[in-house]
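> The sequence isn't on hand, but the structure is:
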């Protein structure tokens, strides 16, 4: 008996080929999303003197008067959904060694502890698939170790509560429990101190209201209205007077911020450079300039934008003599040096 030869009709064959092609594309895309962040590694570049650059500054210079580099989402080096949430290649220790002095610390409450997070994506201790979460005690140990080895420096620790239903007052209570484990390394104040007071210290900055009534020990308030992709601002900056007590020892200040984190690269660069040149600088002003953006898509990829914007900054020759605090994704030692060198280029 002759065997039958099975055949697949034309339309069915087309559907099978289409389905197989789609499956392959999905697998390739998923692999790219999963593995590409692993290729974004710290290049280990070194700029001599970057770990101790503040040693050259005069003691009476206030922190808000210093041109100072910082990192955005500083702990998001190893993070869940890294393709969309990874913001740095350097660990906290490596960032400090590279010269960055402003750390953007996003925290969520997890079983009465504080875990580092980027939105709802938890930061991790390493790149392994099942790496443990990164907790505040891990980051603080890196900070304390750095300051023991470099006592002329200071760390501006900007805390924001993210991804949690706890009240700010409860969040503050947990945060201050951490602070009280090593209180001598902290500088808790509600105004900008001179560098002499801040050397060897972690200075607490807060991006939340003081619901817990910690008053001066609540930290320096850095609170601004979410900017996203706001375009209707005259000078691409937001000027907001900060609340404070009318005491002679307290410095009331104006906060200037450019943080358009939903801009595409070209618009972001325009906002960044406009903010640099339009902000006010002085004893009663702090200017923060964010170079970081996720773009206009619902799920952005910080790395692609940072690669473009960081290159622009590296080639930019128009930095003002005083440029405030410049906050970036995927920070490098040469970029940090470009910012802090402005302190030594003033007339």
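Perfect, I can see it now. All values reported here derive from a predicted model rather than from experimental measurement.
> contacts, neighbours, all on C-alpha from now
Fine.
> all helices for this protein, in order.
Per DSSP state H, the chain has helices spanning 10-35, 82-85, 92-97, 136-149, 168-179, 195-198, 265-278, 302-315, 333-340. These are given in chain order.
> Dump those to TSV, plus mean neighbour count, mean pLDDT and distance to residue 50.
Listed next are these as TSV, based on neighbours: other CA atoms under 10 Å; pLDDT from 0 to 100; distance: least, CA to CA, whole Å:
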stretch	mean neighbour count	mean pLDDT	distance to residue 50
helix 10-35	12	66	31
helix 82-85	22	83	27
helix 92-97	22	98	6
helix 136-149	16	98	12
helix 168-179	16	97	27
helix 195-198	20	98	17
helix 265-278	19	94	23
helix 302-315	17	95	16
helix 333-340	22	98	7
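> In CSV: those helices, plus distance to residue 324.
Converted to CSV, those look like this (distance: least, CA to CA, whole Å):
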stretch, distance to residue 324
helix 10-35, 35
helix 82-85, 26
helix 92-97, 18
helix 136-149, 22
helix 168-179, 27
helix 195-198, 15
helix 265-278, 8
helix 302-315, 15
helix 333-340, 9
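> so where is the protein shaky, pLDDT-wise?
In the predicted model of the chain, residues 1-9, 21-40, 231-252, 347 satisfy pLDDT under 70.
> what sits against the residue nearest the centre of it?
Central residue of the chain (CA atoms, centre = their mean): residue 72, 1.3 Å from the mean position. By CA atoms under 8 Å, 6 or more residues apart in numbering, the contact list for residue 72 reads 87, 103-104, 290, 292, 327-329.
> What separation do you get for it and residue 343?
Using CA to CA, to the nearest Å, one obtains 21 Å as the distance from residue 72 to residue 343.
> Show me which of the contacts of residue 72 are buried.
Among the contacts of residue 72, the ones that count as buried by 16 or more other CA atoms under 10 Å are 87, 103-104, 290, 292, 327-329.
> Can you add distance to residue 257 and give those residues back as TSV?
As requested, those are arranged in TSV below (distance: CA to CA, whole Å):
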residue	distance to residue 257
87	20
103	16
104	14
290	8
292	13
327	11
328	14
329	16
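> Do I have it right that residue 79 meets residue 85?
Yes - in this structure residue 79 lies within contact range of residue 85 using CA atoms under 8 Å: 6.6 Å.
> follow-up on the earlier one: now, which of the contacts of residue 72 sits nearest residue 197?
Of all the contacts of residue 72, residue 197 sits closest to residue 103, with 18.8 Å by CA to CA.
> Surely that closest one and residue 76 touch.
No - taking contact to mean CA under 8 Å, the distance of 11.2 Å between residue 103 and residue 76 leaves them out of contact.
> and residue 287, what does it touch?
Going by CA under 8 Å, 6+ apart, residue 287 touches 64, 255-257, 279-281, 323-325.
> run the last query once more with 7 Å
255-257, 279, 281, 324-325 (CA atoms under 7 Å, 6 or more residues apart in numbering).
> Go through the residues you listed and give me the one with the most neighbours.
The member of the contacts of residue 287 surrounded by the most neighbours (other CA atoms under 10 Å) is residue 324, with 29 neighbours in all.
> what residues are up against that one?
With contacts taken as CA under 7 Å, 6+ apart, residue 324 has the following neighbours: 65-68, 286-288.
> coming back round to it: from the contacts of residue 72, which ones fall inside strands?
By the criterion of DSSP state E, membership of the contacts of residue 72 in strands covers 103-104, 290, 327-328.
> Apart from its neighbours in sequence, what residue is nearest residue 293?
residue 261 (4.0 Å; CA to CA, 6 or more residues apart in numbering).
> May I ask you to confirm that the one you found is in contact with residue 292?
Yes - between residue 261 and residue 292 a contact is recorded at 6.3 Å, counting by CA atoms under 7 Å.
> right, and residue 67 touches residue 321 too?
No - counting by CA under 7 Å, residue 67 stays clear of residue 321, with 8.6 Å between them.
> Next, show the common contact partners of the two.
The overlap between the contact sets of residue 67 and residue 321 (CA under 7 Å, 6+ apart) consists of residue 342.
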